[in-house]
Every structure is written in C-alpha cells, then in structure tokens.
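In: Show me the folded form of this:
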Amino acid sequence: LEGEELKISGGNTISFEKWDMDSSDDFSGDYFDLKNLPQMYTTEQVDSLVATIEVEDGAVQSLLLDGSQLSISSSNSISFEKWDTNASDDFDGYYSNLIDAPAVYTKAEIDELLAANSGNGEPGDTSQFLTLNEDQLSISNGNTISFVNWDRDATDDFDGNYSSLKDAPKVYTQAQVDSIKADLLEEVERIYYKKPVVVTFASSRNITFTDIGNTIACTNSATLTITSNFKEMKIGQTINLEAHGTTLSIKATSGVRLNGVSAGNAGIGNDEAFTGGILRKTGANNYIVL
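Out: From the prediction side, this is the model:
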C-alpha cells in the first residue's frame, strides 16, 4: 500500500483515491451532532410563544411563514434561508448509499486473491527467481541490474601497505639520510676545511664554534670561558692562544674539567710580551692547556 495505491507483486493495482479512510469524522446522522447550527426556535418554543404573546388589547398575535421567512404580527421576522427542510434526502450513514462510490474489492475478495497467489508452485504461483548472467542480475517478471565494471576479485585489492606498492620509487629511510648527511659533512669538512684566522680578543666572553681551529689573540687582560656541553668542538680539535703583553685567563664552568681539575682555571701571558699556548679538547667536557 503506497499512498492510495494497493499493489500486488506480479499483479494489478487498486486505487483507493477519494476513499473515506477515517470513520472517526463521519456524520452520525444525529441532528445534535451537526456543526454551526443556526440559532432558531423549536416548534414547542414557537407554540409556547404563540400561546403567551398578547398585544395591549389582549389580541393573540399570528405567525406567517412566507417562503423562508417566519414573521409574527406587529413584530420581527426570522429567516430559514438555506435550512434543510427535506429530511428524506439526508445521508443515512450507509456506505451502500454513497453516490459515485469507486468500485473496490471487499476484504473477503482480497483474501481470496491472496490465497490464490500464495506461491505454492501451482497456477497462480508468484514465486520469483534471481539469475546472474555474467554481469547482469535479473529477477523473474522484474527488472535487471548491471554489475559491469564491478571489482569482484578482492584478492588483488591494495592492502594499504607501502611495501605492497608496485613500481614504488626507491627512497631512503630517515636513518639512511642521517648517515649520508653525517658522511657528507665529514667529507666536506675534510676537503673544504676552513683556513685558520686570527681573532682579536680584548674583552671577556665564552668560547664559540667560530674559535675552533683559529688563533685567539688577546690584546687586553680578559677571561675566555668554556661552558658545559660545548659540542661544536670535537675531541682532538684545538684553539691557538696568544697573549700580546697582557694576561689571558682560561676558565671552565661547573661540569667541565680543565687540566684535570673540575671547573679549573689556567693563565697565559702574565703580562709578558707575546706568550702563546694551545687549548685542546681531550674528551667530553675535558680540555687541556699546553
């Protein structure tokens, strides 16, 4: 049942259009169930009025019904226009008395049709069958669905793993790239080792990576400090030290050993002219002044 159409598979369709399918709002046939009743007098009320209404001289008034107008002598009129004055044509509530009722099957007739098409393999059997012919799925007495271009082999589906890709480009792993980078940097450092320069030193500061392999020429008494974890300087690398008629102090911070002493100190020059030395890294956070 779709909307107002009753269908049966492999069969016909019945229309229930314009059927009254809600009996709850049907008219009961009772006068007092009518809606929007006009205000009016009953025959008993009119008879009572006629019997009791009198004019000043005691004369009884008369009623006159002219068409749809009810008048009382020397007074007003009441209109009965559009009143249903013929009870013989009122609807009695029976379906069989409806006008222009559609032709329909009764419940008994529909039950009989269903029983005749119960799918028992005998005449009237509505059993249906599915048939798959290559890429076409069909149902008996019905339509066909195409499976053309469907992937029916799940064994060759991609599992999402990179290793399962075909013709994947050759790529380096992160570990391989890091190894190559380290080798390249070492090779560049070996081939293109920077030319040592002389760095003038006149005020206290920390050692930096720009000092490695160069000569620090101290021209005014100052302190050169080595901090912990100075990783830019590799073991075996050196820094040349010069004191030009002044004093150059080498100081190690906490966690750094200088000349075998933790947080040690060393001095070069002692205000003597042109005194030199070498700062060499011997291990992690270990240095020696020669």
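
In: Can you list the low-confidence ranges for the stretch 151-290 of the chain?
Out: Where the stretch 151-290 of the chain drops to pLDDT under 70, the residues are 190-194.

In: Swap in 80 and give it another go.
Out: 151-153, 162, 186-195, 272 (pLDDT under 80).

In: residue boundaries of the helices in it?
Out: Under the criterion DSSP state H, counting those that start in this stretch, the stretch 151-290 of the chain carries helices at the ranges 174-191.

In: can you map out the strands along it?
Out: Using DSSP state E, counting those that start in this stretch, the strands found in the stretch 151-290 of the chain span residues 198-201, 205-206, 215-218, 222-226, 238-243, 248-252, 257-258, 261-262, 265-268, 275-283, 286-289.

In: now for these, which one comes closest to Gln174?
Out: strand 275-283 (29.5 Å; Cβ to Cβ). C-beta: built from backbone N, CA, C; applies to glycine.

In: angle of that closest one against strand 248-252?
Out: Angle between the axes of strand 275-283 and strand 248-252 is 10 degrees (criterion: axes from the mean of the first three to the mean of the last three Cα atoms, to 10 degrees).

In: Now do the buried residues in strand 275-283.
Out: Residues of strand 275-283 classed as buried: 275, 277, 279-281 (neighbour count, 16 or more other Cβ atoms under 10 Å).

In: Each with direction, which strands does that strand pair with?
Out: In the sheet, strand 275-283 lines up against strand 238-243 (antiparallel), strand 286-289 (antiparallel) (DSSP bridges).

In: Dump those strands into TSV; add distance to Gly255 as well.
Out: Listed next are those as TSV, based on distance: least, Cβ to Cβ, whole Å:
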stretch	distance to Gly255
strand 238-243	19
strand 286-289	11
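
In: Let me have those strands in a markdown table, adding mean neighbour count and distance to Asn133 as columns.
Out: Listed next are the strands paired with strand 275-283 as a markdown table, based on neighbours: other Cβ atoms under 10 Å; distance: least, Cβ to Cβ, whole Å:
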| stretch | mean neighbour count | distance to Asn133 |
| --- | --- | --- |
| strand 238-243 | 21 | 88 |
| strand 286-289 | 18 | 85 |
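
In: nearest to Met40, of the ones you listed?
Out: Met40 lies closest to strand 286-289 among these, at 123.4 Å (Cβ to Cβ).

In: got a list of contacts for that closest one?
Out: With contact meaning Cβ atoms under 8 Å, 6 or more residues apart in numbering, strand 286-289 is reached by 226, 241, 250, 252, 256-260, 266, 268, 277-282.

In: go with 6 Å
Out: 250, 257-259, 266, 277, 279-282 (Cβ atoms under 6 Å, 6 or more residues apart in numbering).

In: returning to what we had before: please identify which of the strands paired with strand 275-283 is closest to Ala217.
Out: Closest among the strands paired with strand 275-283, using Cβ to Cβ: strand 238-243, at 4.6 Å.

In: Trp19 and Ile145, how far apart?
Out: From Trp19 across to Ile145, the span is 35 Å (Cβ to Cβ, to the nearest Å).

In: can I get the strands of the stretch 151-290 of the chain in a markdown table with distance to Ala182?
Out: Below are the strands of the stretch 151-290 of the chain laid out as a markdown table (distance: least, Cβ to Cβ, whole Å):
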| stretch | distance to Ala182 |
| --- | --- |
| strand 198-201 | 28 |
| strand 205-206 | 26 |
| strand 215-218 | 28 |
| strand 222-226 | 25 |
| strand 238-243 | 22 |
| strand 248-252 | 29 |
| strand 257-258 | 27 |
| strand 261-262 | 31 |
| strand 265-268 | 33 |
| strand 275-283 | 19 |
| strand 286-289 | 23 |
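
In: related to what we said a few turns ago, and the buried residues of strand 275-283, which is closest to Asn161?
Out: Nearest member of the buried residues of strand 275-283 to Asn161, counting by Cβ to Cβ, is Lys281, at 47.2 Å.

In: so what's the closest one up against?
Out: Shown in contact with Lys281 (Cβ under 6 Å, 6+ apart): 233, 235, 237, 287.

In: May I have the beta-bridge partners of the last one?
Out: Tyr287 has the following beta-bridge partners by DSSP bridges: Leu258, Lys281.

In: I'd like to know which of the contacts of Lys281 is nearest to Phe129.
Out: Nearest to Phe129 among these, with distances taken as Cβ to Cβ, is Ile235, at 86.0 Å.
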